[in-house]
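Undergrad: sequence unknown, structure follows:
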């Protein structure tokens, strides 16, 4: 079991939790999960920007361009969140 931390600044709350990297092939064995919450209408009062900020601008999901991953071999992403930010 991992520790967690909660930070509240104004009307924003961030929660950080440690967790395992499941089905890990290589690289780090642990990760940090971060969740953000906005209280009141703070997200609506400020112009959203960036991937995280724009997630608060609409209740509808945002779907950007998606890469097609090969079954094996190396791969370089090209989507880079294109279309998710509008």
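TA: Everything's here; your move. All figures in this text were calculated on a predicted structure; none of them were measured in a lab. Numbering: from 1, shown residues only.
Undergrad: from here on, contacts and neighbour counts on C-alpha atoms
TA: Fine.
Undergrad: didn't residue 19 look like it was pressed against residue 31?
TA: Yes - the pair residue 19 and residue 31 passes the contact test of Cα atoms under 8 Å, sitting 5.4 Å apart.
Undergrad: These two: who's more crowded?
TA: More crowded of residue 19 and residue 31, by other Cα atoms under 10 Å: residue 19, with 15 against 12.
Undergrad: Listing partners with orientation, what would you give for the helix or strand containing the more buried one?
TA: Using DSSP states H and E, residue 19 sits in strand 12-20. Taking DSSP bridges as the criterion, strand 12-20 forms sheet pairs with strand 4-9 (antiparallel), strand 30-38 (antiparallel).
Undergrad: which stretches of the protein have low pLDDT?
TA: By pLDDT under 70, the low-scoring segments of the chain are 43-44, 47-48, 56-58, 84-86.
Undergrad: Tell me the buried residues in the top helix by length along the chain?
TA: When the chain is parsed with DSSP state H, its longest helix is helix 50-55. Of the residues in helix 50-55, those buried under the neighbour-count criterion (16 or more other Cα atoms under 10 Å) are 54-55.
Undergrad: And it, how far out from the chain middle?
TA: 9 Å (Cα atoms, centre = their mean, to the nearest Å).
Undergrad: Now do the contacts for the residue nearest to residue 18 when sequence neighbours are not counted.
TA: For residue 18, ignoring the flanking residues on the chain, the nearest one in space by Cα to Cα, 6 or more residues apart in numbering is residue 32 at 4.7 Å. Applying Cα atoms under 8 Å, 6 or more residues apart in numbering, we find residue 32 in contact with 16-19.
Undergrad: possible to save the residues you listed as TSV with distance to residue 73?
TA: Below are these laid out as TSV (distance: Cα to Cα, whole Å):
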residue	distance to residue 73
16	33
17	32
18	30
19	28
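Undergrad: any idea which of those is closest to residue 25?
TA: Among those, residue 19 lies closest to residue 25 (Cα to Cα), at 15.9 Å.
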